[in-house]
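Visitor: Give me a model of this one.
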Amino acid sequence: MEILDAVVIGAGQAGLSASYHLTRRGISHVVLDANPAPGGAWQHRWDSLTMHDVHGIAALPDADSPTDDAGRANVVVPAYFGSYERDHGLPVLRPVRVDRVESVGDLLVVRAGDRSWTTRTIVNATGTWTQPHVPHYPGMETFRCEQLHTVGYPGAEHFRDRRVVVVGGGASGVQLLGEIAPVAADTLWVTRREPVWRTDDFTAEAGRSAVALVEDRVRRGLPPASVVSVTGLALREQERAAERLGAYRRHPMFTRIEPDGVRLQDGALWPADAILWATGFRPAIAHLAPLHLRSEHGGVQLDRAGTTAVADPRVQLVGYGPSASTIGANRAGRTAARGVAAWLDRRADGHSTGA
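Guide: As a prediction, this is how the structure comes out:
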């Protein structure tokens, strides 16, 4: 039986960065990716999302950033990731959808259907894209028209001349409302909390402060919050038309969903043809459940370095919490490789897992 030093689960930005740094350290590993082609979650993004919209992608280690600033993100980034895998000879296997990770003595067994890999450590880089979150609201099963999450956003034209409710106060809700409002018959923006608009420039110092707040949550074992939840929102030039239409006049959450619309808190019915849930995602870590990593607070507690699971130091999490960004993912990949090496050194010195 082959025993690997590490298995990386996921081949997005964080997974590729981790694989690169593991390779440089000479650590035997494979990368298991659920997708049939390179690109991570980027290959599934909506067609209207351009590289300009995402302000570019941080360069992967030992590589330049993509140079196409106007191309579709779901084309440019997958091509970039694919070239990177080939150029650096990264050991990616696909499609492999991991079902569960089990602890067997000092080793971990990664299972995917009837296949399995035995390893001393894992680097989990599964992100959030496969776990869209749609909260339950009274009456939502009675709605006669369309409900969809941003994970399946079909483009603004799909909503032309329709009355659309957009739910969610994050960046995706703001962006998609900016596309939909100019073509829709009418839009209603509802959020649980009053949105916080950023009026100052987003400096590097402000970014570090925001990330520090997210890091604090995962160090305490709390579920991670998005970075935008602490940075605030800002409108881009392409959203000004929607702003002029009054699309960003926020309304509190409706009290219930009815067959023909949503019932507002003042008792009025707002007739709707579609509800778009821009309500975010949750970390895709169900396959790690057998390892019992979650704290009493519901999140996975990480060490001060930000990637090692406190409950089981054989496990590194990247693209989780503060590293859920392209820049953060790169740094986390390097830190995770360092954590893997430290664990292997510790094991060589005769220490047991304690897991």
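Visitor: how long is stretch 36-48 end to end?
Guide: With C-alpha to C-alpha, to the nearest Å as the measure, stretch 36-48 spans 22 Å from end to end.
Visitor: mind starting the numbering at 10 from now?
Guide: All set: I'll call the first residue 10, so the last point we hit is now stretch 45-57.
Visitor: average model confidence for it?
Guide: For stretch 45-57, the mean pLDDT works out to 93.
Visitor: ditto for stretch 260-271
Guide: Stretch 260-271 carries an average pLDDT of 97.
Visitor: With just CA atoms, put that stretch into PDB.
Guide: The C-alpha coordinates for stretch 260-271 follow below in PDB (Å, rounded to 0.1, in the frame of the first residue of the first chain):
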ATOM      1  CA  HIS A 260     -35.700  47.100   2.300                       C
ATOM      2  CA  PRO A 261     -35.800  44.900   5.400                       C
ATOM      3  CA  MET A 262     -36.500  41.200   4.900                       C
ATOM      4  CA  PHE A 263     -40.000  40.300   4.000                       C
ATOM      5  CA  THR A 264     -42.100  38.500   6.500                       C
ATOM      6  CA  ARG A 265     -43.100  35.600   4.200                       C
ATOM      7  CA  ILE A 266     -43.200  34.400   0.600                       C
ATOM      8  CA  GLU A 267     -46.600  34.000  -1.000                       C
ATOM      9  CA  PRO A 268     -47.600  32.400  -4.400                       C
ATOM     10  CA  ASP A 269     -47.500  35.800  -6.200                       C
ATOM     11  CA  GLY A 270     -44.800  37.700  -4.400                       C
ATOM     12  CA  VAL A 271     -43.400  38.600  -1.000                       C
END
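Visitor: Just the buried positions in it, please.
Guide: Residues Phe263, Ile266, Glu267, Gly270, Val271 are the ones in stretch 260-271 that count as buried (16 or more other C-beta atoms under 10 Å). Any C-beta I mention is one placed from the backbone N, CA and C, and that applies to glycine too.
Visitor: isn't the fourth one right up against Leu278?
Guide: In other words, Gly270. Yes. At 5.1 Å, Gly270 counts as touching Leu278 under the criterion of C-beta atoms under 8 Å.
Visitor: Spatially, what comes nearest to the residue positioned nearest the centre of the chain if we skip its sequence neighbours?
Guide: Among the residues of the chain, the one closest to the centroid is Thr137, at 3.8 Å (C-alpha atoms, centre = their mean). Of all residues not flanking Thr137 in the chain, Phe290 sits nearest, at 3.6 Å (C-beta to C-beta, 6 or more residues apart in numbering).
Visitor: picking up where we left off before, closest one of the buried residues of stretch 260-271 to Ala194?
Guide: Nearest to Ala194 among the buried residues of stretch 260-271: Gly270, at 12.9 Å, using C-beta to C-beta.
Visitor: need the contact list for the closest one.
Guide: Residues counted as contacts of Gly270 (C-beta atoms under 8 Å, 6 or more residues apart in numbering) are Arg172, Val174, Leu278, Trp279, Pro280, Ala281.
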